[in-house]
Every structure is written in C-alpha cells, then in structure tokens.
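> please work out how this folds:
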Amino acid sequence: MAQESGRIAAVQMVSGAVLEENLEAAARLIAQAAEAGADWVLLPENFALMGPLETDKLAIAERDGEGPIQRFLAEAAARHKLWLIGGTIPLRGSDPQRVRAACLVYDAAGQRVARYDKIHLFDVEIGAEERYCESATLEPGAQPVVVETPLGGLGLTVCYDLRFPELFRHMIGQGMEIAVVPAAFTAVTGEAHWQTLLRARAIENQCYVVAAGQGGRHPNGRETHGESMIVDPWGVVLSSVDKGEGFAIAEFSRARLETVRRRFPALSHRRF
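Numbers count the residues shown, from 1 in each chain. Below is the predicted model of the structure:
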C-alpha cells in the first residue's frame, strides 16, 4: 500500500568538468537533503559531468550495472536510506560514438529498480550563436518508464522530454502520480518556458512534478537556468531554488493528489 506522505527533494547543481568534484558536490547535497528529512532525492541531468565538449561524456561512459557513478548512487541511497533518482549518467549503447542518457532509480537499500533512457533529443537552434545537437553524442531511448515506489507511481522524464505532453499522458495511463524532470535547461529557454511547462504538466496530468536542474555557468561557457522546483497537482509551486547549488524540498501528500483528481476529474473526461 502506498504511503500517505513523504518528503521529496530536487537537488540543483552547477556541474563542471571533473567527475570526482561533481560526485563530491552531489554527495554533500544529498546529505543535506537527507538531514532536512527527504525520503526521495532527485539529482539533475548530467550531474556527474558537464565538460567543455559534448564528447567528454564518452570518456566516462559506463557499462550498465557497473562503474564508479553507479556505485556512488547505490551507496548514497543505502547510506541515507532514501530513494535516489540519478538525474542522467552516460551509459554505453550500441554506437561507440554515442551514449545513452540514462536516468537510474535506486531504492532505500541501494538496489537499482528502474532505468529510463532519454527519448527526446535536444537538436535545436536557439539563436545565431547558440545551437545544440544532442543526437551527435546521444542515442535516443524508446520506452517510457513508470516505476512503483512507496509513494506511488513514478514517471521518469529528462529535460527536453518536458516539451512533449503526449509522453506524460502516456505515463498517466501507466499509473503515474509523480513525474520527475532532471534537466539542464538553457538560460534562454528556461527563462521563457521552464516554469510554465512544469506547471502545465502538473495541472493537465493532476500529478506532482519534481524538477531538478543545473543552475549556473559551466566550463564550456554554457549557462543553465536553474529554478529547480516541486509543483503539486493543482499547479502550485511548493518549493524552489533560484541559481547555484541547493535543493528544493516539499511534502508529497496522497490526500492532496486524490482530492484534486476526485473534485476535478479531468482525466476521466478525456475524449481522445
């Protein structure tokens, strides 16, 4: 039976080019969130590395089920006795020139219970001087993932996935009650769309949305938006953090979720 409540934290980082330093920062922030009472902790996209080149992630890519980043996640979850969602880490795929951006979920005993590979890749031109082509270094995933947890159904997404409401609606059909969004939104797109999209996904799916971002300037000169937050099923921002390191933390309430869905049964009114 699902728990009635629990505290969820969304960790914000400004990851750099040195793996060990990033893991030390993540360990410190996880410990702080645990001390604040978190039962769940979400790390941001690319928490282990944001190097000068997009190809830098290939050098630290791990095989599924082994490697220092995966050991770090398992040990941190077990040490603090909390559920830990590892943002994304680079896992080897079928193409040696590309990796999978994998979001890994560990339970409070440090056992891995789920893996989701980012489906939608960020191939866009924001302006004349700002272009991104994730497909050059990432292989896309294909399978949405919802995992049962003590708090309820957890839907996994990553960053650019946030712009595709059909993914979230699909996961509602699989029992999603909480959506996580580890991200590294750019400063420009974050300022324009980040909070709007997060609140929209929460409102239209009547679920909690937990978003952990990168929030600062990185070695490659890229600036990320930050504004990690937790949004309730009515679209209320329960907690947020602006720029730099830190974490947002808030209470998940099953009573709140069920009350919103019962009094405003939009999900049962769908026609398509």
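> show me the beta-bridge partners of the residue nearest in space to the middle of the chain.
The centre of the chain sits closest to Pro182, judged by C-alpha atoms, centre = their mean, with a distance of 2.0 Å. For Pro182, the beta-bridge partners are Ala212 (DSSP bridges).
> need the pLDDT of it.
On pLDDT, Pro182 comes in at 98.
> before we move on, what about the one 5 residues further on?
The score at Ala187 is 96. That number is its pLDDT.
> tally of neighbours for it?
By other C-beta atoms under 10 Å, 19 other residues sit near Ala187. Yep, even glycine has a C-beta here, placed from its N, CA and C like the rest.
> same check on the one 5 residues further on?
The local packing count at Ala192 equals 14, with neighbours defined by other C-beta under 10 Å.
> swap in Glu258?
By other C-beta under 10 Å, neighbour count at Glu258 equals 14.
> CA atoms of whichever strand or helix holds it as PDB?
Take DSSP states H and E as the rule and Glu258 turns out to sit in helix 254-263. What follows is helix 254-263 as a C-alpha-only set of coordinates in PDB (Å, rounded to 0.1, in the frame of the first residue of the first chain):
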ATOM      1  CA  ARG A 254      -1.600  11.400  -1.300                       C
ATOM      2  CA  ALA A 255      -4.700  13.100   0.200                       C
ATOM      3  CA  ARG A 256      -3.900  16.200  -1.900                       C
ATOM      4  CA  LEU A 257      -3.400  14.200  -5.100                       C
ATOM      5  CA  GLU A 258      -6.600  12.200  -4.600                       C
ATOM      6  CA  THR A 259      -8.700  15.200  -3.600                       C
ATOM      7  CA  VAL A 260      -7.600  17.100  -6.800                       C
ATOM      8  CA  ARG A 261      -8.400  14.100  -9.000                       C
ATOM      9  CA  ARG A 262     -11.800  13.500  -7.300                       C
ATOM     10  CA  ARG A 263     -13.100  17.000  -7.200                       C
END
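> so for it, what's the average pLDDT?
The pLDDT scores in helix 254-263 average 98.
> now do stretch 223-243
Per-region confidence: stretch 223-243 scores 98 on mean pLDDT.
> try stretch 110-125
pLDDT averaged over stretch 110-125 gives 97.
> hey, C-alpha coordinates of it in CSV?
Provided in CSV are the C-alpha atoms of stretch 110-125 (Å, rounded to 0.1, in the frame of the first residue of the first chain):
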residue,chain,number,x,y,z
GLY,A,110,20.7,0.9,-2.6
GLN,A,111,19.1,-1.6,-5.2
ARG,A,112,18.5,-0.3,-8.7
VAL,A,113,14.8,-0.6,-9.5
ALA,A,114,14.5,1.3,-12.8
ARG,A,115,16.3,2.8,-15.8
TYR,A,116,14.9,5.3,-18.3
ASP,A,117,16.9,6.4,-21.4
LYS,A,118,16.1,10.0,-22.6
ILE,A,119,13.7,9.7,-25.6
HIS,A,120,13.6,13.2,-27.0
LEU,A,121,17.0,14.7,-28.0
PHE,A,122,17.7,18.4,-28.0
ASP,A,123,18.6,19.2,-31.6
VAL,A,124,17.7,22.9,-31.8
GLU,A,125,18.9,26.4,-32.8
